[in-house]
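Student: How does the following fold in three dimensions:
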Amino acid sequence: MSGLDILHREVAYRKWAIPKLKKELLVLDDEELVSKALLTLIDMSYDPEAGSQIICHNVISRLGKLVNSPSPFIRQKVAILLQCIASLPFGCTHIADNKYLLRQILEGLNDPRDEVRHDYYKTVYVLLTSGFVLQELTDVGYVEALISKLSSEDHEYCLLYIIHTLEHLGHTSRTQKAIQIQHGVVEAAHKLLMVEGYSDDTSIGLLGVLAQLMKHPDGKKRFSVDMFREMVELILNGQDDSVQLLVNSIRVLSFAAIITEVKRLLVHDVHINDLIEKLMNLTKHNHKPLQMAAIQLLTIIAETKYGRDYLQSKMEELKDVIFANGDRNDVGEAVQVLMKVIQWTV
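Tutor: Purely as a prediction, here's the structure:
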């Protein structure tokens, strides 16, 4: 019937809407029609039944070409629809099976518009962090592509998605850590940390990436003297209004200092006494992750003779920390381990 909007009819919504919308995505010269179809599909994807029909009707087969649309609105809505589909049951697998679309999504990371590029980074984040298709996407170069963007992306909002994705992947497996280390993420993250003007969120994320990579033996080998000095400076200058920045800085240094070479840097540094005093103060902080991080690094310092000798005079303060937190919770138990290490005899 002429003039009747088929999408407003209940029967059409249940039966014919998705095939009709899929067909409309082919009308590339009608940007308004394609835009409305994408918006409707995005709305429908939040309904589980409609979302499953979007997958069954293989709507994604129409999305690859739209990544190159002259309309930034269309390009962005394609990315958002892909995020919605990836969040559906079997959605990531469905997308990963379309190799042309996978290549096009990577093209979206080169979009000239920051807001569009941001949504393609978000799409990559959703796909890579789902866990269902990580190996497939790694095999076709998704992780390497993201790593290459770490050094070239100049928009901080986009950069944050790269950082969060790499930090998550570093947390998932030893293999993902090794890939990042092999492709220079340790050096790239440290270089970005030295750039002035980034927000605390970006610095926290970069430190989170480094902390994950310092857990790997090869990551520790990449820990340079300049990185050591940067971590010490961040800890000494850290303020209470940026607790997570302190936590991540301490974790980077703790994971790196497991090896003897970094312990030597610690005990020979001119700021070692100031560092110990700062960490002692942080053991009394009301933020538990910060307390635990400080205790962990003090324990590593106490594995050196200099550290043990210096910390001998701090035993009463440490007992106060146990008393304040109880001896059976994580903080109390960690302090007891620290005290045992301080009392080592060689």
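
Student: alpha carbons only for contacts and neighbour counts from here, please
Tutor: Noted.

Student: What about L134, how many residues nearby?
Tutor: 18 (other C-alpha atoms under 10 Å).

Student: Apart from its neighbours in sequence, what residue is nearest it?
Tutor: L128 (5.3 Å; C-alpha to C-alpha, 6 or more residues apart in numbering).

Student: mind checking how far the one you found is from Q182?
Tutor: For L128, the distance to Q182 (C-alpha to C-alpha, to the nearest Å) stands at 19 Å.

Student: For those two, work out which one has more neighbours and name it.
Tutor: Neighbour count, other C-alpha under 10 Å: between L128 and Q182, L128 has more, with 23 against 12.

Student: Sticking with that one, tell me its helix or strand.
Tutor: helix 114-129 (DSSP states H and E).

Student: Then Q336?
Tutor: helix 330-342.

Student: And that helix, what's buried?
Tutor: Neighbour counts over helix 330-342 (16 or more other C-alpha atoms under 10 Å) mark 331-332, 334-336, 338-339, 341-342 as buried.

Student: With stretch 147-162 instead?
Tutor: 147-148, 150-151, 153, 156, 158-162.

Student: And for stretch 164-182?
Tutor: Going by 16+ other C-alpha under 10 Å, stretch 164-182 has these buried residues: 164-171, 176-181.

Student: Which single one of those residues is nearest to K20?
Tutor: K20 lies nearest to T165 out of these, by C-alpha to C-alpha, at 35.5 Å.

Student: can you pull the pLDDT of W16?
Tutor: We have a pLDDT of 83 for W16.

Student: what comes into contact with stretch 41-53?
Tutor: Contact with stretch 41-53 is made by 14, 18, 21, 54, 80-81, 84-85, 88-89, as judged by C-alpha atoms under 8 Å, 6 or more residues apart in numbering.

Student: what about 10 Å?
Tutor: Here stretch 41-53 makes contact (C-alpha atoms under 10 Å, 6 or more residues apart in numbering) with 13-15, 17-19, 21-22, 35-39, 54-59, 77-78, 80-85, 87-91.

Student: Give me the mean pLDDT for stretch 258-274.
Tutor: Mean pLDDT, stretch 258-274: 95.

Student: Which positions within it qualify as buried?
Tutor: Neighbour-count burial for stretch 258-274 flags 258, 262-263, 266-267, 272 (criterion: 16+ other C-alpha under 10 Å).

Student: just to revisit the earlier point, quick check: which helices or strands does the helix holding Q336 pack against?
Tutor: helix 288-301, helix 305-311, helix 315-325 (3 or more C-alpha pairs under 10 Å, 6 or more residues apart in numbering; DSSP states H and E).

Student: distance of A50 from H164?
Tutor: In terms of C-alpha to C-alpha, A50 sits 30 Å off from H164.

Student: And for M227?
Tutor: 21 Å.

Student: now swap in N110 and tell me
Tutor: Here N110 is placed at a distance of 19 Å from H164 (C-alpha to C-alpha).

Student: Grab the nearest non-local neighbour of D330.
Tutor: D330 sits nearest to M292 (C-alpha to C-alpha, 6+ apart), 7.9 Å away.

Student: roughly how far apart are that neighbour and N286?
Tutor: 11 Å.

Student: Which of those two has more residues huddled nearby?
Tutor: M292 (22 against 10).

Student: List the residues that contact that one.
Tutor: Residues near M292 by C-alpha under 10 Å, 6+ apart: 247, 250-251, 282-283, 285, 298, 330-332, 334-335.

Student: The nearest residue to L290 once chain neighbours are set aside is in what secondary structure piece?
Tutor: Distances taken as C-alpha to C-alpha, 6+ apart put V247 closest to L290, at 5.2 Å, once the chain neighbours are dropped. V247 belongs to helix 243-256 when assigned by DSSP H and E.

Student: Would you mind identifying the helix or strand in the chain with the lowest mean pLDDT?
Tutor: Ranked by mean pLDDT, DSSP states H and E, the helix or strand of the chain with the weakest confidence is helix 10-15, at a mean of 51.

Student: before we move on, back to that, from the contacts of stretch 41-53, list the buried ones, please.
Tutor: When the contacts of stretch 41-53 are checked for burial by 16+ other C-alpha under 10 Å, the buried set is 17-18, 21-22, 35-39, 54-55, 58-59, 77-78, 80-85, 87-88, 91.

Student: Which of those residues fall in helices?
Tutor: 17-18, 21-22, 35-39, 54-55, 77-78, 80-85, 91 (DSSP state H).

Student: wait, I204 sits on L246?
Tutor: Yes. Counting by C-alpha atoms under 10 Å, I204 touches L246, with 8.6 Å between them.
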